[in-house]
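[1] Fold the following for me, if possible:
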Amino acid sequence: MILPRPVSFTRGDGEISFDGTVHVERVTGPAEGYRLSVTPDGVRVWASDDAGEFYARQTVRQLSGPAAFRSVAPVRVALPVCEVEDHPRFAWRGVMLDVARHFLPKHDLLRYVDLLAVHKLNVLHLHLTDDQGWRFESLKFPRLHEIGGWRPDSRFGDRRSGGMAGRPHGGYYTQDDLREVVAYAALRHITVVPEIDVPGHSQAAIAAYPELGVSGGEVWTDWGINPNVLKADESTVDFYRQVFDEVLDVFPGEVVGLGGDEAEAGDGRFVRRIAQYLRQRGRRPFGWDEVLGVGPLPSRTVIASWRGEDAGLTALERGHDVVMCPEKHVYLDYRQSDHPAEPIPVGTVTTLEDVYRYEPAAADRVLGAQANLWTEHLDSPRRLDYAAFPRLSAFAEVVWSPVARDEAEFLTRLAEHHLPRLDALGVEYRPLDGPRPWQALPGVPGFPR
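    Residues are numbered from 1 along each chain as shown. As a prediction, this is how the structure comes out:
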C-alpha cells in the first residue's frame, strides 16, 4: 500500500476512524526515520527529526486512501491497524528538472515540489541556464534574463529532422519567485540545488553579452551540443563570480551547481576557478562528471555521474562525494517503449521496470542518486507528467527502500494503490499499457538508440 516501500510494514486486524490527529514524539534513530503505530487508541509517531515526522505524515496520507490527495480531502477516513518502521536508504534522493530548454511556470514548479514530497524525494536540482534559455533573474546583469530568457523558435522533434515549432518560447523566474520555491520546498524537507552551466551550454548568456563568448550569436533554437563556449578571460570569470553571488543570495543550500558538461574545447581553468570561488563562499560545487578532467577540484565537490557509473567510482577514489545518475538507467526523458506510438522517441528504451531494477554502484559510499528530466522534447507540464510518471515513482522506491525489492509486488502496489493517488493529484502519467491517444505525437521524428 505504501510507496516507497517502508523498511517494515505489519498489518493488524481491523481499521480505525481517523480524524487527522497524530501524536508525535521525538526519539533517537536514523536521520529522516520514523515509527508509525495505528491502533484502536489512535495514531502515534516516533520521529528522529522534523523530516521523519513529515514522512510519517505522508505515510498516513497514503494509508488514508486516494481521496486524501485531492485538494479537499475527507475530514474523516478509515486507517488500517498497522505498525510501520521506516527510514531512507540514501541521503540524496534527487530529481533534476531542466527548466532552461522549456520553461516551467512557477505554479507548475511548485506543483512538482509537492509531487516530490509525495514520493519522499528530498533534492530538486534546477537546471536554470543553457544554450536555449536563461531562467534566473539577474539584477546586476539584466540582459541575461531580458534577452537570454527567450528564443524566437524551437526545434520540434529530433534536430536531424529539420522541423521547427514555429513559435517563440521564453520565461524566467524572478529572484523572489525562486526564494518562494526554496521556502516552499524547505517546508516539505526538499533542498533546491541551482545550476548555472559553464563554460559550455552558455549561448543564452552569450546572446545577452556577446563579449562573454568565443564567438557571438543568438539564443540557440536547436538542441544538441553548441560548440560555442565562454571565454576563459579573467573578465568573464569575474562576471560569473558576480552572477553566482546573486545565486548564493537566493539559494541558501550548501550545494550549488556549475555544470561543466559537454563543453567542446571547454576550459578547465574556468571551471576550477568558479569551483574554488564557490568553496571560498562556503558552498560545495556540484558538477557533471566531465569536471573530473579539468584538474584538481576543491574538497567536498559533488560529482554527478551521468555518462555511466565509472566516473562516479573514480570520483570516490579521489575523495569526492558522488550522486549517481547514469543516463542508461535514470534519464526519464528517454522513450518508455519501442512502440511507434511512443511520443518523440529519443534515447534508449527505459521502461518502468528498467528504472525499478536500477541499483546504484558503490551504494554504501555514494550520497545517493537522482533521476534527470531534460526537457528538449517536454514542452508542457502535460508532457513532463507523461515522461516522469510512474517511472519517478519507481525511482523513489529505489532510493528510499531497502535493497531487496520485489518487482511483481511493486507493480501490483503501483497499479492498485499508487496510480489512483496520482489520478487524485491530477498527474497525467503514462498508463502501464502505453500512451492514451492524446499523449501520442504521431509523425514527430525522434532519434531512437
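[2] From here on, just use CA atoms for contacts and neighbour counts.
    OK.
[3] List the contacts of the host helix or strand of Leu422.
    Following DSSP states H and E, one finds Leu422 within helix 419-425. Helix 419-425 is touched from outside by Gly65, Pro66, Ala67, Phe69, Arg70, Ser71, Pro390, Glu428, Tyr429, with contacts defined as Cα atoms under 8 Å, 6 or more residues apart in numbering.
[4] let's see 7 Å
    Outside helix 419-425, the residues that touch it by Cα atoms under 7 Å, 6 or more residues apart in numbering are Pro66, Ala67, Phe69, Arg70.
[5] mind checking how far that helix is from the chain centre?
    20 Å (Cα atoms, centre = their mean, to the nearest Å).
[6] other SSEs contacting the helix or strand following that helix?
    In the C-terminal direction, the helix or strand that comes right after helix 419-425 (DSSP H and E) is strand 447-448. The contact analysis (3 or more Cα pairs under 7 Å, 6 or more residues apart in numbering; DSSP states H and E) places strand 447-448 against strand 346-347.
[7] what helix or strand is the spatially most central residue of the chain on?
    Per Cα atoms, centre = their mean, the C-alpha nearest to the average position across the chain is that of Val95, at 1.7 Å. If you go by DSSP H and E, Val95 is part of strand 92-98.
[8] do the same with Asp197
    strand 191-198.
[9] and that strand with strand 92-98, angle?
    50 degrees (axes from the mean of the first three to the mean of the last three Cα atoms, to 10 degrees).
[10] Parallel or antiparallel, which strands does strand 191-198 pair with?
    Applying DSSP bridges to the sheet, strand 191-198 is found paired with strand 123-127 (parallel), strand 255-259 (parallel).
[11] Buried deepest among these, which one?
    Most buried of those, by mean neighbour count (mean count of other Cα atoms under 10 Å): strand 255-259, with a mean of 26.
[12] And Arg159, how far from Ile225?
    11 Å (Cα to Cα, to the nearest Å).
[13] In terms of neighbours, single out the busier of those two.
    Per other Cα atoms under 10 Å, whichever of Arg159 and Ile225 has more neighbours is Arg159, with 17 against 13.
[14] I figured that one hits Ala165, correct?
    No: the pair Arg159 / Ala165 is not scored as a contact, 11.6 Å apart, by Cα atoms under 7 Å.
[15] pLDDT below threshold where in this protein?
    Scanning the chain for pLDDT under 70 picks out 265.
[16] Helices of that one, start to end?
    Ranges of helices in the chain, per DSSP state H, are 50-63, 106-118, 143-146, 175-186, 203-208, 234-250, 268-280, 310-317, 327-330, 352-357, 381-388, 391-400, 407-413, 419-425.
[17] Identify whichever of those lies nearest to Glu15.
    Across the helices of the chain, Glu15 has its closest neighbour in helix 50-63 (10.8 Å, Cα to Cα).
[18] what does the closest one contact?
    For helix 50-63, the external contacting residues (Cα under 7 Å, 6+ apart) are Ile2, Glu32, Gly33, Tyr34, Leu36, Val45, Ala47, Ala68, Leu79, Val118, Lys120, His189.
[19] now the residues you listed in a markdown table, with neighbour count and distance to Ala304?
    As requested, the contacts of helix 50-63 are exported to a markdown table (neighbours: other Cα atoms under 10 Å; distance: Cα to Cα, whole Å):
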| residue | neighbour count | distance to Ala304 |
| --- | --- | --- |
| Ile2 | 19 | 29 |
| Glu32 | 22 | 23 |
| Gly33 | 24 | 26 |
| Tyr34 | 30 | 29 |
| Leu36 | 24 | 34 |
| Val45 | 22 | 35 |
| Ala47 | 27 | 31 |
| Ala68 | 20 | 36 |
| Leu79 | 22 | 40 |
| Val118 | 22 | 24 |
| Lys120 | 29 | 20 |
| His189 | 21 | 21 |
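[20] Please identify which two of those residues are farthest apart in space.
    Greatest spacing in these, by Cα to Cα: Leu79 and His189 (24.9 Å).
[21] follow-up on the earlier one: report the contact partners of the residue nearest to the centre of the chain.
    Counting by Cα under 7 Å, 6+ apart, Val95 has contacts Val123, Leu124, His125, Gln370, Ala371, Asn372.
[22] Make sure the first one is actually in contact with Pro194.
    No: using Cα under 7 Å as the test, Val123 is too far from Pro194 to be in contact (10.5 Å).
[23] how's the chain carved up into domains?
    Domain assignment for the chain by automatic domain parsing gives 8-86, 92-448.
[24] Can you tell me which of these is most buried?
    domain 92-448 (a mean of 20).
[25] before we move on, back to that, would CSV of the helices of the chain with distance to Val256 be doable?
    CSV is the format used below for the helices of the chain (distance: least, Cα to Cα, whole Å):
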stretch, distance to Val256
helix 50-63, 22
helix 106-118, 18
helix 143-146, 19
helix 175-186, 13
helix 203-208, 19
helix 234-250, 8
helix 268-280, 8
helix 310-317, 18
helix 327-330, 21
helix 352-357, 27
helix 381-388, 24
helix 391-400, 22
helix 407-413, 34
helix 419-425, 31
